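Q: Curious how this folds, go ahead:
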Amino acid sequence: MKDQIFELMDSHAHLTSEDFLIDAEAAISRCNEESVTKVINICTNPNELREGLLLEKKYPNLIRNVASTTPHDSHKETEESFSFFEKMALQKRLVGIGETGFDDFIEPDNQKEQMEICRRYIDLGIRAELPVVFHVRGDKAFDNLFKLSKEFDAFTGIIHCFTGTIEQAKKALDLGWFISISGIATFKKSTELRDVIKQIPLDHLLVETDAPWLAPQGYRGQKNEPAYVRVVAETLSVLFECSLEEVSRITYENGLRAFPLAVKPFVEN
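A: Down below sits the predicted model:
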């Protein structure tokens, strides 16, 4: 454990993805070394969620789960998978719905299907009183998301791995949503993104790894893991000219506002 006394939340990681390819137990042990005390585990299919629930049971104070079919896997959505996610959401076994949304790059030709699935998961989030985590990649994706959001009353949204413009950020902030910053912000060439981040109020920012992808500067080429979220927080501390402890405290509190059910571990009746 570092000398500083603070807590970090990794607001978006894929610990139970088959792509993680890191010993989850070892990665979890390294969380403690970097003061990471909460990890929001994103599950994109029923098998990942089943594994996530087992991991949460073993580490009830650290791991909480979010689930849905991703936009780039929209063609894999089944009634069986949706029903399982719905059941877990309504039983409050999840702390959020996601990552859903739109992707212009991986699946540019199925925007209609992405729209239908995203609409379905926003509705589930509202019914279950859970926040909705969005994957948004591309200008058309942002346009589609903001257009779709007008169909619903207010709900809590989180745009994960934000790489958009300040105009797109302001639209999200106008909706009261949170914006999550990943290791991309630490890359040497991400100067434009850092300029945008500096214009976003710190009280609406989260930090994430998106592990096992997007390892931050200093770990490029390696598999990402929750412990590396500290590097993202350190980058924000430079951008906002404040201490790592302050960034950690604020983003952790933001995380608990974004995911209220993450405050306490799930307890079965």
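Q: So, low pLDDT: which residues of the stretch 151-269 of the chain?
A: Across the stretch 151-269 of the chain, the stretches falling below the confidence threshold (pLDDT under 70) are 269.
Q: Apart from its chain neighbours, what residue comes closest to residue 92?
A: With CB to CB, 6 or more residues apart in numbering as the criterion, residue 92 has its nearest non-adjacent residue at 6.2 Å, and that residue is residue 261. Where C-beta positions appear, they are placed from N, C-alpha and C, glycine not excepted.
Q: That neighbour - how many residues pack around it?
A: Number of residues near residue 261 (other CB atoms under 10 Å) recorded here: 18.
Q: So it: helix, strand or coil?
A: Under DSSP: H, G, I helix; E, B strand; the rest coil, the three-state class of residue 261 is helix.
Q: Ok, residue 170 next?
A: Of the three states, residue 170 takes helix under three-state DSSP.
Q: I'd like the distance between it and residue 11.
A: Remark: distance between residue 170 and residue 11 (CB to CB, to the nearest Å) = 21 Å.
Q: which of the two has more neighbours?
A: For residue 170 against residue 11, the residue with the higher neighbour count under other CB under 10 Å is residue 11, and the figures read 32 against 13.
Q: can you tell me the helix or strand for the more buried one?
A: Secondary structure from DSSP states H and E places residue 11 in strand 8-13.
Q: same for the very next helix or strand once past that strand, what does it pack against?
A: The helix or strand immediately downstream of strand 8-13 is helix 24-33, counting by DSSP H and E. Using 3 or more CB pairs under 8 Å, 6 or more residues apart in numbering; DSSP states H and E as the contact test, the elements touching helix 24-33 are strand 36-43.
Q: quick one: strands adjacent to the strand it packs on?
A: Based on DSSP bridges, the pairing partners of strand 36-43 within the sheet are strand 8-13 (parallel), strand 63-67 (parallel).
Q: list the helices and strands the helix or strand hosting residue 144 packs on?
A: Here residue 144 sits within helix 139-149, counting by DSSP H and E. Under the contact definition 3+ CB pairs under 8 Å, 6+ apart, helix 139-149 sits against strand 96-103, helix 111-128, strand 132-137, helix 166-174.
Q: Now render those as CSV, adding distance to residue 254.
A: Formatted as CSV, the entries for the helices and strands packed on helix 139-149 read as follows, by distance: least, CB to CB, whole Å:
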stretch, distance to residue 254
strand 96-103, 14
helix 111-128, 18
strand 132-137, 14
helix 166-174, 13
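Q: closest one to residue 81 among those?
A: With respect to residue 81, and counting by CB to CB, the nearest of those is helix 111-128 at 10.6 Å.
Q: how about the closest residue to residue 182 other than its chain neighbours, what does it touch?
A: On the basis of CB to CB, 6+ apart, the spatially nearest residue to residue 182 that is not a chain neighbour turns out to be residue 161, at 4.3 Å. For residue 161, the set of contacting residues under the criterion of CB atoms under 8 Å, 6 or more residues apart in numbering consists of 12, 135, 180, 182, 184, 208, 210, 214.
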